[in-house]
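Next come a sequence and a model predicted from it.
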Amino acid sequence: MIKRLRKRYALSEQGAKDLVKGCLACVFQNLSFMFPVGLLYFLVADLMNGGVPGEKIIFYIIGCAVCIGLILLTTYFQYNATYFATYTESGVRRITLAERLRKIPLSFFGKKDLADLTSTIMADCTFLEQSFSHFIPELAGSIISTVLISISLLVFDWRMALAALWVLPVAFAIVGFSAKVQERLNQKAMDVKMACADGIQECIETVRDLKANNAEAEYLKGLEKKIRAVEHRSILNEFGLAAFVVSASLILKLGIATVALAGSVLLIAGSLDVLTFFLFLLVVSRLYDPLQGALQNLAAVISTRTNIARMNEILDHPIQQGKSTLTNKGYDITFDHVGFAYNTGETVLKDVSFTAKQGEVTALVGPSGGGKTTVSRLAARFWDVSRGKINVGGMDISKIDPEALLSLFSIVFQDVTLFDNTILENIRIGNKDATDEQVLAAARLANVDEFAEKLPDGWHTNIGENGCELSGGERQRISIARAFLKNAPIILLDEATASLDVENETLIQTALSRLIADKTVLVIAHRMRTVAGADKIVVLSEGTVAEEGAPETLLKQNGLYARMVKLQTESQNWKLA
């Protein structure tokens, strides 16, 4: 049962156990509310038999105290078993989702956007907090306690019990049949919410371009439509839910009428005493109130399926695994007939084979879309190859844990990501245990000191979200400083100097030449002069290795590389007429 609960509600093992405890606590709480009914029954019986004897007054006083104490005790346990346990599980669930995302291949993120994943971890978890603290335990508690009370009523008087209980399966069936309708409504509501969240995020991120092109008004019109769509879908959701719940509640209320009618007929016929009639009226008045709430809880539980499905999509997604022990002999990177295609079916690499040797700079060049960046990401196992094999020092990287493998790599991406923190702490990402002196030494190698020491707070200046306070070249130098600080044996440079001017590019290249001694360096570049000093050029075109060799050799072959060099030389000589 625990295993089924974990799968059904995306719970941890402890969370599933706590859910069972919460349901049982709700059962005992509901049963405790029936004790005053029993006590009242005996009191009325005594009153109808001539009054309450003096010796029984103490009994009723103690009985009242016991009922109050029992209700307080069961409520206390119910509160702890549902609310406290739920919030603990909510934290565990968020951490579990984040940990899973950390181990999922990057190909998964190509199908998702930031707003969707953020909504799953935050909004969906928050919704399930309410479900597991209010809806599910109370629903299970109501159903179990009602079954127990129903058995007692059937034993007491099966005729009156049937008059009271026939409405229950009908009411729950009405709400149960709404499951498919609710799922469709919830999925459509989720889709428009995600579209709206994406639109808001895109508006904030592109506000500069919108202003520059006088496109704000037009864009906001489209955004307003998305917001109205969320409003419209929310109303439809509420109406769809209410239509079933209200109908079921009306059916439930008919139970009181049928109990009164059946009781009256039986009373007139003389086959039912007044006290039993009174007891059933008391019980049904107490029985239907929590059941009406249970109907709403059932509808709410059904609506959680969409949220849970989104979580399970993450939790069930295969993760990259492997040995944590590195067995490489050296740091040569070998691509052996590698093919790769994204989940969309788009083939990026067809049959790529080359070796980037330790102690050499291997440059990947070629037309846009040829697969240069994909090759570098595959080397670091950001994705797994579709066919073929990649070795690092003779070690098959598909059998190595990605985090262990990445300890061998220092990577500078074309798109730099910085954090809302100081310059020092942004560089320290390369090595969290580095001292300030080590961070500063790496920063100076990347010429970060040139601008950092001019800032108001120097190295301790906060650079804003994603380094918004810095220029593109300054941001890229911080990224390069991280690579210096990590000082790993393999270096991947994806357009590492693209945002630098000629002077700074020369300085960085001089620093890189000191860093790459005895290391394996894989450089991606579009500017041919950037890789003119490389030991080896690999020209990628249409997913295959078109040419391979030293720059001088490739120039003599007068092939694709020579053509690219010629075109870039001509473009550099271009000037305004």
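That came through fine. Numbering: from 1, shown residues only.

Tell me, how many residues neighbour residue 167?
23 (other Cβ atoms under 10 Å). (Glycine included, C-beta is placed from N, CA and C.)

ignore the last one, residue 525
Residue 525 has 20 nearby residues by other Cβ under 10 Å.

What is the least confident helix or strand in the protein?
helix 502-515 (a mean of 69; mean pLDDT, DSSP states H and E).

Show me what residue 521 bridges to in the sheet.
Following DSSP bridges, residue 521 is listed with bridge partners residue 361, residue 491.

Next one: it from residue 490, what distance?
8 Å (Cβ to Cβ, to the nearest Å).

residue ranges of the strands in the stretch 251-400 of the chain, please?
Here the stretch 251-400 of the chain has its strands, by DSSP state E, counting those that start in this stretch, at 333-341, 347-356, 361-365, 387-392, 395-396.

go on, the chain?
For the chain, applying DSSP state E gives strands covering 333-341, 347-356, 361-365, 387-392, 395-396, 409-412, 490-494, 520-524, 536-541, 544-549.

In the chain, where is pLDDT below threshold?
9, 107, 110-114, 290, 343-345, 496-505, 507-508, 510-511, 570-577 (pLDDT under 70).

Identify, by residue count, the longest helix of it.
The longest helix of the chain (DSSP state H) is helix 216-269.

Quick one: distance of stretch 535-544 to the chain centre.
Distance of stretch 535-544 from the chain centroid (Cα atoms, centre = their mean, to the nearest Å) equals 37 Å.

I'd like to check what contacts it. Which residues are they?
347-352, 354, 356-357, 360-367, 370-372, 375, 531, 545-551, 554, 559-561, 564 (Cβ atoms under 8 Å, 6 or more residues apart in numbering).

which of these count as buried?
Among the contacts of stretch 535-544, those classed as buried by 16 or more other Cβ atoms under 10 Å are 348-350, 352, 354, 356-357, 360-366, 370-372, 375, 531, 545-549, 551, 554, 560-561, 564.

Spit out the contact partners of the residue nearest to residue 157 when sequence neighbours are not counted.
Counting by Cβ to Cβ, 6 or more residues apart in numbering, residue 157 lies nearest to residue 276, which is 5.9 Å off, once chain neighbours are set aside. Taking Cβ under 8 Å, 6+ apart, we find residue 276 in contact with 156-157, 160.

Format the strands of the stretch 251-400 of the chain as CSV; extra columns: distance to residue 38.
Output for these, formatted as CSV (distance: least, Cβ to Cβ, whole Å):
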stretch, distance to residue 38
strand 333-341, 70
strand 347-356, 73
strand 361-365, 82
strand 387-392, 73
strand 395-396, 72
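
For residue 516, find the nearest of the ones you listed.
strand 361-365 (6.3 Å; Cβ to Cβ).

got the angle for the closest one vs strand 490-494?
If you take axes from the mean of the first three to the mean of the last three Cα atoms, to 10 degrees, strand 361-365 sits at 30 degrees to strand 490-494.

Report the beta-bridge partner residues of the residue lying closest to residue 548 once chain neighbours are set aside.
In this structure, residue 548 finds its nearest non-sequential neighbour in residue 538, 5.2 Å apart by Cβ to Cβ, 6+ apart. Here residue 538 sits in beta bridges with residue 364, residue 548, as judged by DSSP bridges.

any idea how far residue 544 lies from residue 390?
For residue 544, the distance to residue 390 - Cβ to Cβ - is 16 Å.

So for those two, which residue has more residues nearby?
residue 390 (21 against 16).

who touches that one in this structure?
Residue 390 neighbours (Cβ under 8 Å, 6+ apart): 333-336, 338, 378-379, 381, 396-398.

looking at these, which has the most residues close by?
residue 333 (27 neighbours).

Tell me which residues touch residue 2, please.
Contacts of residue 2 (Cβ under 8 Å, 6+ apart): 13, 16-17, 20.

before we move on, what about residue 545?
352-354, 538-539.

Can you lay out those as JSON lines showing distance to residue 69?
Listed next are these as JSON lines, based on distance: Cβ to Cβ, whole Å:
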{"residue": "352", "distance to residue 69": "76"}
{"residue": "353", "distance to residue 69": "79"}
{"residue": "354", "distance to residue 69": "79"}
{"residue": "538", "distance to residue 69": "80"}
{"residue": "539", "distance to residue 69": "84"}
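
ok, of those, which one's closest to residue 259?
Looking across the contacts of residue 545 and measuring by Cβ to Cβ, the closest to residue 259 is residue 352, at 78.3 Å.

Report the separation between that closest one and residue 536.
To residue 536, residue 352 is 14 Å away according to Cβ to Cβ.

what does residue 208 give?
Distance from residue 208 to residue 536, by Cβ to Cβ: 40 Å.

Neighbour count for those two, which is higher?
residue 536 (20 against 8).

Let me know whether residue 409 touches residue 491 as I believe.
Yes. Between residue 409 and residue 491 there is a contact under Cβ atoms under 8 Å: 7.5 Å.

any common contacting residues for the two?
Common neighbours of residue 409 and residue 491 (Cβ under 8 Å, 6+ apart) do not exist.

which one is residue 207 nearest to, not counting chain neighbours?
Going by Cβ to Cβ, 6+ apart, residue 207 has residue 216 as its nearest residue, at 7.8 Å.

quick one: the one you found and residue 208 touch, right?
No. Applying Cβ under 8 Å, one finds residue 216 not in contact with residue 208, separated by 10.8 Å.

overlap in contacts of the two?
By Cβ under 8 Å, 6+ apart, no residue touches both residue 216 and residue 208.

Now residue 234. Nearest residue, chain neighbours left out?
residue 189 (6.5 Å).

how close does the one you found get to residue 8?
In terms of Cβ to Cβ, residue 189 sits 22 Å off from residue 8.
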